[in-house]
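[1] Turn this into a model:
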Amino acid sequence: MARYSDIEKRGLRELFLRRETGFTPPPISAIRSLLSCAHGAKAPLGSHSSLDEDASTRLVGGFTIVEMMVAMAIITIVSAQVLFSFSGLNEGTALNSSAREMALSLRRAQSMALAVTRIPVLSAVPPAAGVRIATISPQTYLLFGDLAATRDFKYTSSAELIATQTLERGNRISRILDENSVEHDIIHLIFSSPEATLSITDEDGNDIGNLLTIELVAPNGQKKKVVARTTGQISIQ
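    Now for the predicted structure:
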């Protein structure tokens, strides 16, 4: 049996691979060049490796100044719209809160009339308790007791004052309308003891009907209405 040297065996294997698979092993010089590039060595003059191709591709795949400016402009516009919507939402929430507080003040006056008890601030038991609302002081309204000494179905003096309520965040009273849609500058909603019967009166204490609408407006123009009826119903619209 013939014996072959290591070099002859390697040559026979390469010849077999070429014949069976069509694969040609790369030359040793090419392998050495690739290894030297991987270790940071300079490639031979005139050579062009795959690493150079990847680097050039990465340089081409960036953003231009114009593209960055357009993207920043879009982000700025979207952010401004979000902030504007958030501001409007906050003002709407504050307006709802102001309307609820006004309705609660009316309920508080109603409870005082039902309780028929001494009110510490007045040092007396008033025969009626009510709320004075005026467009001439659009950001405040008064909770008061109609004392027996006057009993005129209106707010007379600071001696009857129980509390001053202030609307939130620049909200204001824009209009006060009676059941005939007649506007009033000053009105009183007064609950008389012991059954807390509601009377709606004008500046002079004269009755103006069975229904009253108080319109509140926010700085951004949003509106809410507090509606009171002599049946005792108080609602927010």
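[2] rest of the way, CA atoms for contacts and neighbours
    Fine.
[3] which residues in the chain form helices?
    Assigned by DSSP state H, the chain shows helices spanning 6-21, 28-38, 50-60, 65-115.
[4] For this structure, which residues score under the pLDDT cut-off?
    1-62, 83-89, 149 (pLDDT under 70).
[5] one more time with 90, if that's ok
    1-93, 116-117, 120, 123, 148-151, 168-169, 220 (pLDDT under 90).
[6] Grab the nearest non-local neighbour of Met102.
    Val226 (7.7 Å; CA to CA, 6 or more residues apart in numbering).
[7] so what's the residue lying closest to Leu211 once chain neighbours are set aside up against?
    Leaving aside its sequence neighbours, Leu211 sits nearest to Arg229 (CA to CA, 6+ apart; 4.5 Å). Arg229 makes contact with 198, 210-212, according to CA atoms under 8 Å, 6 or more residues apart in numbering.
[8] cool, and Ile200?
    Counting by CA under 8 Å, 6+ apart, the residues that Ile200 touches are 187-190, 207-212, 230.
[9] Give me the subset of the residues you listed lying in strands.
    Using DSSP state E, the members of the contacts of Ile200 that fall in strands are 187-190, 211-212.
[10] What distance do you get for the closest residue to Arg132 other than its chain neighbours to Met72?
    Nearest non-adjacent residue to Arg132, counting by CA to CA, 6+ apart: His188, 4.6 Å away. According to CA to CA, to the nearest Å, His188 and Met72 sit 56 Å apart.
[11] The two: which is more packed in?
    Shown here are His188 and Met72; by other CA atoms under 10 Å, His188 has more neighbours (28 against 11).
[12] Test my guess that the more buried one contacts Asn206.
    No: counting by CA atoms under 8 Å, His188 does not reach Asn206; the two are 9.5 Å apart.
[13] Check the gap between the residue nearest to Leu211 and Asn171 for me.
    From Arg229 to Asn171 the distance is 23 Å (CA to CA).
[14] returning to what we had before: if you rank the contacts of Arg229 by neighbours, which is first?
    Going by other CA under 10 Å, Leu212 tops those with 27 neighbours.
[15] Verify the stated contact: that residue with Glu183.
    No: using CA under 8 Å, Leu212 is not in contact with Glu183, being 10.0 Å away.
[16] Now do the shared contacts for these two.
    Common neighbours of Leu212 and Glu183 (CA under 8 Å, 6+ apart) are 176-177.
[17] Asn210: what's it in contact with?
    With the criterion set at CA under 8 Å, 6+ apart, Asn210 makes contact with 179, 199-200, 229-231.
[18] do that again at 6 Å, thanks
    229-230 (CA atoms under 6 Å, 6 or more residues apart in numbering).
[19] Can we start the residue count at 25 from this point?
    All set: I'll call the first residue 25, so the last point we hit is now Asn234.
[20] how far away is it from Ser103?
    For Asn234, the distance to Ser103 - CA to CA - is 49 Å.
[21] do the same with Leu138
    52 Å.
[22] Let me see the contact set for the closest residue to Ala123 other than its chain neighbours.
    Excluding the flanking residues, the one nearest Ala123 by CA to CA, 6+ apart is Val250, at 6.4 Å. Contacts of Val250 were listed using CA under 6 Å, 6+ apart, and they are 237-238, 259-260.
[23] and Val250, what are its bridge partners?
    Listed by DSSP bridges, the beta-bridge partners for Val250 are Ile238, Ile260.
[24] With respect to Thr117, which of the contacts of Ile224 is nearest?
    Closest approach to Thr117 among the contacts of Ile224 (CA to CA): Leu236, at 23.4 Å.
[25] Does that closest one touch Thr255 like I think?
    No: shown here, Leu236 and Thr255 do not form a contact pair, counting by CA atoms under 6 Å, at 11.6 Å.
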